[in-house]
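>>> Build me a model:
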Amino acid sequence: VQLVESGGGLVQPGGSLRLSCAAFGFTFSRYAMNWYRQAPGKERELVAAISSVGVVTNYADSVKGRFTISRDNAKNTVTLQMNSLKPEDTAVYYCHAYRVLGGYQYDYWGQGAQVTVSS
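Have a look, this model is predicted:
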């Protein structure tokens, strides 16, 4: 099982970045997918979530209207489009797969992608 993030980097305030996460080794279409982030000295927080078939999405208040989560179950990928980036969006962003089956929780994490918003 593997989640591989890509697309992080350095961007100026007001700019855009697109994070992608490719999934390997599990039935991607049966898992809800989330993007978390963790800034230095802060707890990891949930940024965006999407249901297994992509019908339902949720966002943290801090990113609503600026970030969009989407998925392609045919390609086993989930993306996070980030627009109007702010310095406070600087963090390591993690892809997370989640499923509850038969009373058990199954979840997997990517290695993280650094996003730095700075002029």
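
>>> other SSEs contacting the longest strand belonging to the chain?
If you go by DSSP state E, the chain has its longest strand at strand 91-101. Helices and strands touching strand 91-101, by 3 or more Cβ pairs under 8 Å, 6 or more residues apart in numbering; DSSP states H and E, are strand 2-6, strand 17-24, strand 32-38, strand 104-109, strand 113-117. C-beta coordinates here come from the backbone N, C-alpha and C atoms, glycine included.

>>> Can you tell me which of these is most buried?
Highest mean neighbour count of these: strand 32-38, a mean of 22 (counted as mean count of other Cβ atoms under 10 Å).

>>> State the mean pLDDT of the very next helix or strand once past it.
The helix or strand immediately downstream of strand 32-38 is strand 45-50, counting by DSSP states H and E. Strand 45-50 comes out with an average pLDDT of 98.

>>> if we look at strand 45-50, which residues are touching it?
32-38, 56-60, 63, 67-71, 78, 80, 93 (Cβ atoms under 8 Å, 6 or more residues apart in numbering).

>>> Grab the CA positions of that strand and hand them over as PDB.
What follows is strand 45-50, C-alpha atoms only, in PDB (Å, rounded to 0.1, in the frame of the first residue of the first chain):
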ATOM      1  CA  GLU A  45      -5.500  19.500  10.700                       C
ATOM      2  CA  LEU A  46      -8.000  18.200   8.200                       C
ATOM      3  CA  VAL A  47      -8.100  20.500   5.200                       C
ATOM      4  CA  ALA A  48     -10.500  18.800   2.700                       C
ATOM      5  CA  ALA A  49     -12.300  15.500   2.400                       C
ATOM      6  CA  ILE A  50     -14.100  13.700  -0.400                       C
END
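
>>> for the helix or strand following it, packing partners?
Using DSSP H and E, the helix or strand that follows strand 45-50 in sequence is strand 57-59. Secondary-structure packing of strand 57-59 (3+ Cβ pairs under 8 Å, 6+ apart): strand 45-50, strand 67-72.
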